[in-house]
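J.: Structure for this input, please:
(2 chains)
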Amino acid sequence: DIQMTQSPSSLSASVGDRVTITCRTSQSISSYLNWYQQMPGKAPKLLIYAASSLQSGVPSRFSGSGSGTDFTLTISSLQPEDFATYYCQQSYSTLYTFGQGTKLDIK
Amino acid sequence: QVQLQESGPGLVKPSETLSLNCTVSGGSISTYYWTWIRQSPGKGLEWIGYVYYSGSTYYNPSLESRVTISVDTSKNQFSLRLSSVTAADTAVYYCVRISYTTTWYFFDYWGPGTLVTVSS
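T.: So this is what the prediction gives:
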């Protein structure tokens, strides 16, 4: 299995802050990396696919970068509705795996 | 707008079989892969397996001996069966569509999820 490690596991930030979440994989996955946002009690929502492609309807303050084993999700200016848990997920291997999540809360 | 909805018992006894259905509306089940993902506090998000609209399947090896995923294109539904359940199978189960381009695969539509508890 491809192991996914996110950091940090939790993060406190303020509205307007720029935030970066990192995802590291146990082997190179090219750009086969997706990011999801999950609100409490809700299903995850796709934000970014192919490491840097913004899903339709997702605000442009979200961006993704990276390739190989190191990836980042950046929120350029936090909005109140962005406080949630974020997950990375690899699709390089058909045995799809997720990171453990990064919980973003209000400072 | 594509919508997915899980249905099935919320309580299953140990050693029995968990059965869930997913109804797809707002679009055809054809041409896509359809998958089940579960989420428990202990194990986070875990991919269970997928079925293609043609009926071909692929399962997570850690669950393969207990899992069956099937599709019924006439009803625009797909299903999950997980046998010999234990408390470790207690989780929120999501049905999800896998979209793909020529190269990239991603989970773009999710059902709201259904909590299944394994308990006697």
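
J.: rest of the way, CA atoms for contacts and neighbours
T.: OK.

J.: need the strands for the chain, in chain order.
T.: Just so you know, I chose chain A. A:4-7, A:10-13, A:19-25, A:33-38, A:45-49, A:53-54, A:62-67, A:70-75, A:85-90, A:97-98, A:102-106 (DSSP state E).

J.: switch to chain B, that's the one I care about
T.: Ranges of strands in chain B, per DSSP E, are B:3-7, B:11-12, B:18-25, B:33-40, B:44-52, B:57-59, B:67-72, B:77-82, B:91-100, B:105-110, B:114-118.

J.: Just want the most central residue of chain B.
T.: Centroid check for chain B by CA atoms, centre = their mean gives B:Trp36 as the closest residue, at 2.4 Å.

J.: Of all the strands of chain A, which one is nearest B:Asp72?
T.: Evaluated over the strands of chain A, closeness to B:Asp72 peaks at strand A:45-49, with 25.6 Å, by CA to CA.

J.: tell me the angle that closest one makes with strand A:85-90.
T.: 50 degrees (axes from the mean of the first three to the mean of the last three CA atoms, to 10 degrees).

J.: Just give the strands next to strand A:45-49 in its sheet, each with its orientation.
T.: Neighbouring strands of strand A:45-49 in its sheet, by DSSP bridges, are strand A:33-38 (antiparallel), strand A:53-54 (antiparallel).

J.: Next, the angle from the longest one to strand A:102-106.
T.: Pointing back at strand A:33-38 there. Our comparison of strand A:33-38 with strand A:102-106, counting by the same axes, to 10 degrees, yields an angle of 40 degrees.

J.: Report the angle between strand A:33-38 and strand A:19-25.
T.: 130 degrees.

J.: average pLDDT for strand A:33-38?
T.: Averaging pLDDT along strand A:33-38 yields 98.
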